[in-house]
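J.: Compute the structure for the input listed below.
(2 chains)
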Amino acid sequence: MASEMEKKEVFDTESAKDLVKELRASFGSGKTKSYEWRRTQLTAMLKMLDEEEPQIVAALREDLSKPELESSVYEIAMLKNSCRLALKELKHWMKPEKAKTSLVTFPSSAEIVSEPLGVVLVISAWNYPFLLSLDPVIGAIAAGNAIVLKPSEIAPASASLLAKLVATYLDSSCIKVVEGAVPETSALLEQKWDKIFYTGNGRVARVVMAAAAKHLTPVVLELGGKSPVIVDSDINLLVATRRIIAGKWACNNGQACISPDYIITTKDYASKLVDSFKNELEKFYGKNPLESKDLSHIVNSNHFVRLSKLLDEDNVSSKIVHGGERDKTNLMIAPTILLDVPQDSLIMNEEIFGPLLPIITVDKVEDSFDVINSSGTKPLSAYLFTNNKKLKEKFVATVSAGGLVVNDTTVHVAEHTLPFGGVGDSGIGAYHGKFSFDAFSHKKAVLYRGFACDAFVRYPPYTRGKLRFFQAFLGGSILGMIRAVLRWSKS
Amino acid sequence: MEKEVMALRECYRSGKTKQMSWRRSQLRGLRDFLKEKEVEIFRALNQDLGKHYVEAFRDEVGILNKSLNFVFKELKTWMSTTEAKLPIIALNSSAQLVPEPLGLVLVISTWNFPLALSLEPLIGAIAAGNAVVLKPSELAPACSSLLVNSLPNYLDNEAIKVIEGGPAVGEQLLQQKWDKIFFTGSPRVGRIVMSAAAKHLTPVTLELGGKCPAVLDSLSRSWDKEASVKRIIWAKYGSCAGQACISVDYLLVEKAFSSTAVELMKVMIKKVFGDNPKESQSVARIINKHHFLRLKNLLTDEMVKDSIIYGGSMDEDSLFVEPTILLDPPLHSKIMTEEIFGPVIPIITLDKIEDSIDFINSRPKPLAIYAFTNNEVFKERMISETSSGSVVFNDAIVQFAADTLPFGGIGESGIGKYHGKFSFDTFSHYKSIARRNLYTDFWFRFPPWTNYKLELLETAFNYDYFGMLLVLLGLKRSRKRFHIN
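T.: You can find the predicted model right below:
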């Protein structure tokens, strides 16, 4: 009876306040700042990912019908890599960086010291519930912070498993998981955090940033957008098709922020492209993709209905050239390709986040850039398949997005030397690798001066002579300085 | 105003501002402005704040020239693409980081260093290739006019606009969509700016303020004592009369040392600022009546006025406040809880100087901490146990002039940083580019999924090249399987 009442305990503003107070005390004790603590947590997380892999895979299967391979590779293996990298580089990242000093502050020495921000909030998403929860947490731990993680309630089995695992393996006096939905998130957002790291959509991101503004809390917002793929004609079509499929349907059935959202290709090439897709899709998922075990399902009926609406719109449903099959009971939609949907259709104006792939055709492939830039928003990623060097250069110069990939899709997310984040509507800030450490650190400037040289020139009384000296000094001219001093002594 | 903003966007879209030649020409224009209009600039600063022209040069014009020189030297490097290292498994791939401008940015400046705090961010925004709207502070009207009327003659007006006005204009500007907002000012307005930015998911840099403490250890050598006190009082009274975000706000000393410190301060103030600082203009004026009265209230507060031990005279007509020292005013008085922003220094005495760490930590994080000490252990503790935008040992304010140190706050004192390359970075987006070719492919990347593919992918992700080989040769023991298909 008592435990049932405990479970029903509501997490409200008071609870959130107490939680933050507790974590501030933990952080204040200095525990999380030590190298040892950070190492122990990262090692424990690695152990957790190893030992609990079957449970994690099971939770992902329950929430998303995610194929085991996607869970093992795109969530667990990626997380393990992040842990390992952090463990390997931690000492190096924690070291202060020497900064050069110039004549202006001579004599002096300076360094930039990384220090933890304090108590941080990580709000995660439902499509990669483990990866998008723990990857930022890895960065926050490496940087020495106390952390609250709020996983998405739309993937409830994963959220609940995360809560259990974090409590079991990690230091729960400094790292906590809060489960819940809008009320709990709102309670958390009312508190003062030293950083908020949010992964999700633009609408909620605005709410998060507005809440952060009240406390002048810095934010990282990992959002999404319509990531376009430009397909040129003179390419290895087979490889390109496979890579697009790998980035779209093999990534949570298109429910990924970096999934190719739509394709732009030339009118002449479109039918070849469609045929190539048809062939490869059948090879990968069989004649009956609705029953394939290698595809994730749509996460819930809300999104299923949303995606169905996109397909059923007038002037859109007639443009389906492949797929379109749906299974409402199992929340499954087959890989679907559409050709030449109208630019003002719903499907071309919101992030699809599902297994639907519209193909837009243009006269010449160079026209693709106008199509992308005319949307007025900058996507999280943009992809180009071509062998044409000039086209590659124009792509890099004119398309603004979080990250670009030439001749592949989504791979940039696995590369820890590349900052992963958006720009404009696709987000603020970046992470992965050292960028995660930096995202959760404050870079404090430290300047050491001695008492030796006290430039009397900087003090009043102010004279023309001092002015001349400053002009030379701030201009970096030693000769000028000498001249100024000599003129002084003359006058 | 919307039309103006749209026109600026169009200009940015044309790609003009991205060119290195455009950026250099604008920076040259700024350099010419500072050179040709120097007299007008000094006059305006004197009019708005009573700054002596040497102070104006030292703190504003000279700093800007130094920054421009640095940018000219480094711009090419900053604009270049950098290669990102990839692991061996990414054979035949390469990756780069390309800095690109954010687009159309808004710079909102403030009144205490009206030239420096308008043009320093402007330099960064131009260097990064953006189109810019600059809104100077209406509280420094002579400088604002100068910027609105003269600056356009030196810059490309299609891409860079200066818009004058007060809070109403500021509000209108904040309703537009910007690709970045750079704000210098108070935390109160900082919140308003960030809330407005949140509506458009616009990233912000907020350079705010706070109470920057100076900690004066009991130094033994008289040279050290004199130099420290001189630097402290200069950092308090000598730069815009203490109306600077990085001014020394209050001083912490050990009780045993306090009388030495106070005596030395009195001597130094006379020595440095002379007998009549108002006449010699060695101490600037208070910006306006509102702030003058604010300071007056802080000083005439019942709880506080008895702690005045030096100075205290105020002249409302000339908006002049004499360099003033307080000793141990009550900690809960306004002067100890609000940013002073004026030529008044409260001295708080502590039992041991190490108590300063707890004192500082019990208050909001400041923009800077200034510690005057030779004690290496204490220095270490100060760095690792406190948090602030920056820490300076044995001096104050000079960190502002360093091009290689990030200048910015944390917590209540701000978000983001600038100066030097940090200015360029704050107005740039670092776009990652991953390049692959279409020849090689890892067949195990694609469905249908099997255990074998899983093994290979795992070894690949772990960069376990030897393991991969074993799997391929069929020699690796397969791991425990659980419910795969």
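J.: how many neighbours does residue 184 have?
T.: You didn't pick a chain, so chain A it is. 18 (other CB atoms under 10 Å in any protein chain shown). (Each C-beta comes from the backbone N, C-alpha and C, glycine too.)
J.: Chain B is the one I meant
T.: B:Thr184: 27 surrounding residues under other CB under 10 Å.
J.: From A:Ala439, how far out is the residue most central in space within chain A?
T.: Centroid-nearest residue in chain A: A:Glu222, 4.1 Å away (criterion: CA atoms, centre = their mean). Distance of A:Glu222 to A:Ala439, computed by CB to CB, to the nearest Å: 10 Å.
J.: Work out for me the element the residue in the stretch 201-350 of chain B positioned nearest to chain A sits within.
T.: Proximity of the stretch 201-350 of chain B to chain A (CB to the nearest CB) peaks at B:Ser282, 3.3 Å away. For B:Ser282, there is no helix or strand it lies in under DSSP states H and E.
J.: check contacts around it.
T.: By CB atoms under 8 Å, 6 or more residues apart in numbering or on different chains, the residues touching B:Ser282 are A:Pro460, A:Pro461, A:Tyr462, B:His52, B:Glu55, B:Gly238, B:Val272, B:Phe273, B:Gly274.
J.: let's see 7 Å
T.: Neighbour list for B:Ser282: A:Pro460, A:Pro461, A:Tyr462, B:His52, B:Phe273, B:Gly274 [criterion: CB atoms under 7 Å, 6 or more residues apart in numbering or on different chains].
J.: Let's have these in TSV, adding neighbour count, pLDDT and distance to A:Thr105.
T.: Below are the contacts of B:Ser282 laid out as TSV (neighbours: other CB atoms under 10 Å in any protein chain shown; pLDDT from 0 to 100; distance: CB to CB, whole Å):
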residue	neighbour count	pLDDT	distance to A:Thr105
A:Pro460	21	77	20
A:Pro461	15	76	23
A:Tyr462	23	79	21
B:His52	24	91	23
B:Phe273	23	91	23
B:Gly274	16	88	27
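J.: Spatially nearest residue to the residue nearest to the centre of chain A (excluding sequence neighbours)?
T.: Distances taken as CB to CB, 6 or more residues apart in numbering or on different chains put A:Thr199 closest to A:Glu222, at 4.3 Å, once the chain neighbours are dropped.
J.: any idea how far the one you found is from A:Ile76?
T.: In this view, A:Thr199 and A:Ile76 are 18 Å apart by CB to CB.
J.: do the same with B:Tyr237
T.: Noted for B:Tyr237: a distance of 61 Å to A:Ile76, by CB to CB.
J.: Give the residue from those two that has the larger number of neighbours.
T.: The residue with more neighbours, out of B:Tyr237 and A:Ile76, is B:Tyr237; 29 against 22, by other CB under 10 Å.
J.: List of residues touching stretch A:331-346?
T.: For stretch A:331-346, using CB under 7 Å, 6+ apart, the contacting residues are A:249, A:270, A:274, A:277, A:281, A:285, A:289-290, A:297-298, A:300-301, A:304, A:307, A:309-311, A:313, A:315-316, A:319-326, A:347-348, A:354-361.
J.: Separate out the buried members of these.
T.: Restricting these to buried positions leaves A:249, A:270, A:274, A:277, A:281, A:285, A:289-290, A:297-298, A:304, A:307, A:310-311, A:316, A:319-324, A:326, A:347-348, A:354-361, with burial counted as 16 or more other CB atoms under 10 Å in any protein chain shown.
J.: tell me, which of the residues you listed make contact with chain B?
T.: Subset of the buried ones among the contacts of stretch A:331-346 in contact with chain B: A:Tyr285, counting by CB under 7 Å from any CB of the partner chain.
J.: Of the buried ones among the contacts of stretch A:331-346, which belong to helices?
T.: Among the buried ones among the contacts of stretch A:331-346, the members falling in helices (DSSP state H) are A:Ala270, A:Val274, A:Phe277, A:Leu281, A:Tyr285, A:Phe304, A:Leu307, A:Leu310, A:Leu311.
J.: In TSV: these, plus pLDDT.
T.: Formatted as TSV, these follow (pLDDT from 0 to 100):
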residue	pLDDT
A:Ala270	96
A:Val274	97
A:Phe277	97
A:Leu281	96
A:Tyr285	94
A:Phe304	97
A:Leu307	97
A:Leu310	96
A:Leu311	96
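J.: for those residues, which one is nearest chain B?
T.: Checking these against chain B with CB to the nearest CB, the nearest one is A:Tyr285 at 6.5 Å.
J.: who touches that closest one in this structure?
T.: Contacts of A:Tyr285 (CB under 7 Å, 6+ apart): A:Ser292, A:Asp294, A:Leu295, A:Pro335, B:Pro447.
J.: which one of the residues you listed sits closest to B:Asp464?
T.: Nearest to B:Asp464, judged by CB to CB, of those is B:Pro447 at 22.6 Å.
J.: burial count for the closest one?
T.: By the criterion of other CB under 10 Å, B:Pro447 has 23 neighbours.
J.: Could you give the bridge partners of the residue nearest to A:Glu97 when sequence neighbours are not counted?
T.: Closest residue in space to A:Glu97, ignoring its immediate chain neighbours: A:Ile112 at 4.6 Å, by CB to CB, 6+ apart. Listed beta-bridge partners, A:Ile112: A:Glu97, A:Ala445 (assigned using DSSP bridges).
J.: can you pull out the strands in the stretch 351-485 of chain B?
T.: Listed in chain order, the strands of the stretch 351-485 of chain B (DSSP state E, counting those that start in this stretch) span residues B:368-372, B:390-393, B:414-415, B:428-435.
J.: ok, the shortest one: who's next to it in the sheet?
T.: Right, strand B:414-415. Short version: by DSSP bridges, strand B:414-415 pairs with strand B:204-207 (antiparallel).
J.: Stretch B:445-462: how far from the chain's middle?
T.: Chain-centre distance of stretch B:445-462: 48 Å, with CA atoms, centre = their mean, to the nearest Å.
J.: Tell me if it is near chain A.
T.: Yes: judged by CB under 7 Å from any CB, stretch B:445-462 comes into contact with chain A at B:Arg445, B:Phe446, B:Pro447, B:Pro448, B:Trp449, B:Lys453, B:Leu454, B:Leu457, B:Glu458, B:Phe461, B:Asn462.
J.: next one: stretch B:234-246
T.: Yes: where contact is defined by CB under 7 Å from any CB, part of stretch B:234-246 touches chain A, namely B:Trp234, B:Gly238.
J.: So for that stretch, mean pLDDT?
T.: Stretch B:234-246 carries an average pLDDT of 94.
J.: Am I right that B:Val272 is in contact with B:Lys236?
T.: No: taking CB atoms under 7 Å as the definition, B:Val272 is not a contact partner of B:Lys236, at 10.8 Å.
J.: Just say helix, strand or coil for B:Asn69.
T.: Secondary structure assignment for B:Asn69 (DSSP: H, G, I helix; E, B strand; the rest coil): helix.
J.: Ramachandran angles for the nearest residue in space to it that is not next to it in sequence?
T.: Among residues not flanking B:Asn69 along the chain, A:Gly476 sits closest, at 6.5 Å (CB to CB, 6+ apart). Main-chain torsions, A:Gly476, degrees, to the nearest 10: phi 80, psi 20.
J.: and the gap between A:Gly476 and B:Asn153?
T.: A:Gly476 is 27 Å from B:Asn153, by CB to CB.
J.: for B:Ala284, same thing?
T.: Distance from B:Ala284 to B:Asn153, counting by CB to CB: 28 Å.
J.: Which helix or which strand is home to A:Lys338?
T.: Lys isn't right for residue A:338; it's Leu. Assessed by DSSP H and E, A:Leu338 sits inside strand A:336-339.
J.: Low-confidence stretches in the chain?
T.: Here I'm looking at chain A. A:1-8, A:453-457, A:488-491 (pLDDT under 70).
J.: try again with chain B
T.: For chain B, applying pLDDT under 70 flags the ranges B:440, B:477-485.
J.: got a list of what the residue sitting nearest the centre point of it touches?
T.: Centroid-nearest residue in chain B, with CA atoms, centre = their mean: B:Gly408, separated by 3.4 Å. B:Gly408 is in contact with B:Glu207, B:Gly389, B:Gly414, B:Gly416, B:Lys417, B:Tyr418, counting by CB under 7 Å, 6+ apart.
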